[in-house]
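J.: for reference, the sequence and a predicted model appear below.
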Number of protein chains: 2
Amino acid sequence: MAASAETETPRQRYRTQVQNEIKKHAWEQIATEGTSALSLNAIAKRMGMSGPALYRYFANRDELITELIRDAYQSLADTIHAAAVDAADIRSLAQAMRTWALDDPQRYLLIYGTPVPGYRAPEDTTRIAMEIMAALLDAAGAEGLGAMPPSPLQGRLQAHLADHRGWAGAHPAKPATLHRALVFWTRLHGVLSLEVAGHFSGMGFDPAELYAAEVEAVTGL
Amino acid sequence: MAASAETETPRQRYRTQVQNEIKKHAWEQIATEGTSALSLNAIAKRMGMSGPALYRYFANRDELITELIRDAYQSLADTIHAAAVDAADIRSLAQAMRTWALDDPQRYLLIYGTPVPGYRAPEDTTRIAMEIMAALLDAAGAEGLGAMPPSPLQGRLQAHLADHRGWAGAHPAKPATLHRALVFWTRLHGVLSLEVAGHFSGMGFDPAELYAAEVEAVTGL
DNA sequence: CGCACCCGTGATAGCCTCTAACTCCAGTGA
DNA sequence: TCACTGGAGTTAGAGGCTATCACGGGTGCG
């Protein structure tokens, strides 16, 4: 990332510094008011300069948001990697994902929330998404996890996944592992997204209990 | 709903008719451009009248969106009720939910997508949400479903749910049924929301296969 | 018939994104 | 050392949006 740190001119260093400050203010605004209320004008005002100045650093509002999405993806990938280094099991990965999501709900929703119909994700976010998938596949393929209860339908899904494993890249995962990783992702996302969006808030029970039970269900799949 | 149809004055009938036309245009706009791009001005222009006229029918943009959310909730509840009348089993409910979600992704996302931080859902949407939950509990409590694999953690969750069953209202569901209904909701929502948001689009496999397998996993829980 | 009410209008304020023309200064090369 | 180039920031302004206000005009009620 900082490969050309020495060849960087002062101009460039100043530029990236201002860009980072803009992003910092953008994150604050997103966390409190939501992404839809993100305003370049307001950021500029808070930084003590006039609105159009920001267009030196980001071509338009969409480009800033795209950059924030990229950063959010990278942050999630880093979090998962860090958890995988500590202990590459499903439980710690799941815990890391949950704390990451609850730490800044709007950051989570920037990735997994409502997409803008016309928006096309840039190439490298899909690359990061595949990195995340690889970490999940590693954890899902670990020894000592429960076997999956046999059923024609589950077997059919695994056969289908074995035929369509492009998303796993070059990962040498067994069909059952592909299945487990996918289910890990969707089930935990199911609990997390509803929790983050506040759909449990009036229900009274503790989402953490449900989350833990779902994590266990995946390990014993 | 149409209890006072005869006592309605022509004025009132015209009023609700215009309101419905506004909502119709709003839905079209949401489906194509997304909720964040919903513009009262654009709707007015398309209806052949000037912007401020719409404020006779909705106090502000938020009130219109709230009304649309209410309608979306009601539409989901109706869909689930219709499916429950045909056959009150989990499979048909799950199928109805999926077709409803894919039929208009932005309508689904209006309920389950990114919430606006300050927004507070009105009372009757939570009432409708509880109706939906009741239908889920009915289906989850049916006879002939597989027993749940015993585990201390799953048992602990069920005990917790038995202690915090306010969201079930007066429904006489066993703890295992509470558990199954919750898991039905979160797991299917996990697959659906990722599918609707396009996170599977580049992965190559068929979400329907995964969905079917998850439905089966819930029935055999 | 008269009157109150509701509907739709244009004008306007204030916010936003984004462009254009301009000034100014830092860093560069002769 | 000095002229110059290019990036940074400014103001002005177009065009969009939400929302309010004051004003005509028609509708339906007493």
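T.: Right, received. Where do you want to start? Numbers count the residues shown, from 1 in each chain, chains lettered A, B, ... in the order given.
J.: which elements pack onto the longest helix seen in chain A?
T.: The longest helix of chain A (DSSP state H) is helix A:61-86. Applying 3 or more C-beta pairs under 8 Å, 6 or more residues apart in numbering or on different chains; DSSP states H and E, we find helix A:61-86 packed against helix A:10-33, helix A:90-103, helix A:105-112, helix A:123-140. (Each C-beta comes from the backbone N, C-alpha and C, glycine too.)
J.: buried deepest among these, which one?
T.: Using mean count of other C-beta atoms under 10 Å in any protein chain shown, the stretch among those with the largest mean neighbour count is helix A:105-112, at a mean of 22.
J.: how far off centre is that helix?
T.: 8 Å (C-alpha atoms, centre = their mean, to the nearest Å).
J.: pull the residues that contact that helix.
T.: A:27, A:30-31, A:34-35, A:65, A:68-69, A:72-73, A:75-76, A:100-101, A:189, A:192-193, A:196-197, B:114, B:117, B:193-194, B:197, B:199 (C-beta atoms under 8 Å, 6 or more residues apart in numbering or on different chains).
J.: show me which of these are buried.
T.: A:27, A:30, A:34-35, A:65, A:68-69, A:72-73, A:75-76, A:100-101, A:189, A:192-193, A:196-197, B:114, B:117, B:193-194, B:197, B:199 (16 or more other C-beta atoms under 10 Å in any protein chain shown).
J.: so for stretch A:93-108, mean pLDDT?
T.: The predicted model gives stretch A:93-108 an average pLDDT of 98.
J.: before we move on, the earlier item: out of the helices and strands packed on helix A:61-86, nearest to residue B:132?
T.: helix A:105-112 (22.1 Å; C-beta to C-beta).
J.: what angle do the closest one and helix A:123-140 make?
T.: For the pair helix A:105-112 and helix A:123-140, the angle between their directions (axes from the mean of the first three to the mean of the last three C-alpha atoms, to 10 degrees) equals 100 degrees.
J.: quick revisit: mind putting the helices and strands packed on helix A:61-86 in TSV, distance to residue B:165 included?
T.: Below are these laid out as TSV (distance: least, C-beta to C-beta, whole Å):
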stretch	distance to residue B:165
helix A:10-33	33
helix A:90-103	24
helix A:105-112	26
helix A:123-140	33
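J.: which of these sits closest to residue B:52?
T.: Nearest to residue B:52, of the helices and strands packed on helix A:61-86 and by C-beta to C-beta, is helix A:10-33 at 26.1 Å.
J.: quick check: domain ranges of chain A?
T.: As given by automatic domain parsing, the domain ranges for chain A are A:1-58, A:73-219.
J.: spell out which residues of chain A are next to DNA strand C.
T.: A:9-11, A:38-42, A:51-52, A:55, A:59-62 (C-beta under 7 Å from any atom of the strand).
J.: nearest to chain B: which residue in chain A?
T.: Among the residues of chain A, residue A:190 lies nearest to chain B; the distance is 2.5 Å by C-beta to the nearest C-beta.
J.: touching, that residue and residue B:182? I think so.
T.: No - between residue A:190 and residue B:182 there is no contact, the gap being 10.2 Å when judged by C-beta atoms under 8 Å.
J.: close to DNA strand D: what parts of chain A are there?
T.: A:11, A:14-15, A:18, A:44, A:48-53, A:56-57.
J.: which one of the residues you listed is nearest to residue A:177?
T.: Among these, and counting by C-beta to C-beta, the member closest to residue A:177 is residue A:57, at 43.2 Å.
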